[in-house]
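Trainee: have a look at this prediction, sequence included:
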Amino acid sequence: MSRRRWYWSSLVFGFAASAFMLLTQTSLAAPPSTLLTDTEMRLLLDVMLNMPNVVGPTTDRDKLNTSLARYRQMTELRLRYYRDHQATREHLKAYLFIVFVSDAANSAHSIEEIAKNEILNVFRSSSQDVLSVLKERPFLVPVVCRLLNEHFELFGDGKDRKRFVEQYGSLIAEALGKTEVGKCEGLQ
């Protein structure tokens, strides 16, 4: 690996590690999280920045294989944290951040799966924790609220949304406050 590639890889990895630590820790004085491995953090950063691999694919077929491999890795990572989202608060933060990265990468199939099968279950099983994380990390609010809305628009009916709003609407408004609750149109 050339010095230049090594430098940029180290710089990017350092940025990813710092960003994830800031996203998952409630205090900078807390020890760094070891929840995500170096490989998982590199994958998230790679997807976020749409960077080619350090070596880089050389043919269209290599590019397609790299893209499919990255998609599979992201799906496996997301599903692992989805299954474990109730284990700890850090697992929930990691899951919501992975959802954020999937959304930022415009991964249509992932977003559809999250909206259809995951986000409502996560919210219902851990509503207080989800709202607490959203309050701490307001950049997640638009993504989570939009995915909840997409669930009801694409896979539910008016009665499902009405029951959800009756059960959680005031809780959402109270937890997020006036500035952030506006990003959750139709859910309060």
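Mentor: Ah, there it is.

Trainee: secondary structure element for Glu40?
Mentor: Using DSSP states H and E, the element containing Glu40 is helix 38-49.

Trainee: now the helix or strand that comes right after that helix, how far from the centre of its chain.
Mentor: Using DSSP H and E, the helix or strand that directly follows helix 38-49 along the chain is helix 60-83. What separates the centre of helix 60-83 from the centre of its chain is 15 Å, taken as C-alpha atoms, centre = their mean, to the nearest Å.

Trainee: average pLDDT for helix 60-83?
Mentor: Averaged over helix 60-83, pLDDT sits at 77.

Trainee: flag every buried residue along that helix.
Mentor: Within helix 60-83, the residues that count as buried by 16 or more other C-beta atoms under 10 Å are Thr66, Arg70, Tyr71, Gln73, Met74, Leu77, Arg78, Tyr81, Tyr82. From N, CA and C alone the C-beta is placed, and that goes for glycine too.

Trainee: distance to Leu171 added to those residues, as TSV?
Mentor: Formatted as TSV, the buried residues of helix 60-83 follow (distance: C-beta to C-beta, whole Å):
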residue	distance to Leu171
Thr66	43
Arg70	36
Tyr71	35
Gln73	35
Met74	31
Leu77	29
Arg78	25
Tyr81	23
Tyr82	22
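
Trainee: any weak-confidence spans in the chain?
Mentor: Low-confidence segments of the chain, defined by pLDDT under 70, span residues 1-34, 50-66, 188.

Trainee: which non-adjacent residue is nearest Val143?
Mentor: By the measure of C-beta to C-beta, 6 or more residues apart in numbering, the closest residue to Val143 outside its immediate chain neighbours is Asp103, 4.8 Å from it.

Trainee: hmm, the one you found is touching Glu112, no?
Mentor: No: at 11.4 Å, Asp103 does not count as touching Glu112 under the criterion of C-beta atoms under 8 Å.

Trainee: pick out whichever of these two has more residues nearby.
Mentor: When Asp103 and Glu112 are compared on other C-beta atoms under 10 Å, the one with more neighbours turns out to be Asp103, at 18 against 14.

Trainee: using PDB, write out every CA atom in stretch 171-184.
Mentor: Taking only C-alpha atoms (Å, rounded to 0.1, in the frame of the first residue of the first chain), the coordinates of stretch 171-184 have been written out as PDB:
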ATOM      1  CA  LEU A 171     -45.000  10.700  24.200                       C
ATOM      2  CA  ILE A 172     -43.200  11.700  21.000                       C
ATOM      3  CA  ALA A 173     -44.200  15.300  21.400                       C
ATOM      4  CA  GLU A 174     -43.100  15.400  25.000                       C
ATOM      5  CA  ALA A 175     -39.800  13.600  24.500                       C
ATOM      6  CA  LEU A 176     -38.600  15.500  21.400                       C
ATOM      7  CA  GLY A 177     -39.800  19.000  22.300                       C
ATOM      8  CA  LYS A 178     -41.100  21.700  20.000                       C
ATOM      9  CA  THR A 179     -38.100  22.000  17.800                       C
ATOM     10  CA  GLU A 180     -37.700  18.400  16.800                       C
ATOM     11  CA  VAL A 181     -41.300  17.200  16.900                       C
ATOM     12  CA  GLY A 182     -42.100  19.100  13.700                       C
ATOM     13  CA  LYS A 183     -39.900  16.600  11.800                       C
ATOM     14  CA  CYS A 184     -42.300  13.900  12.800                       C
END
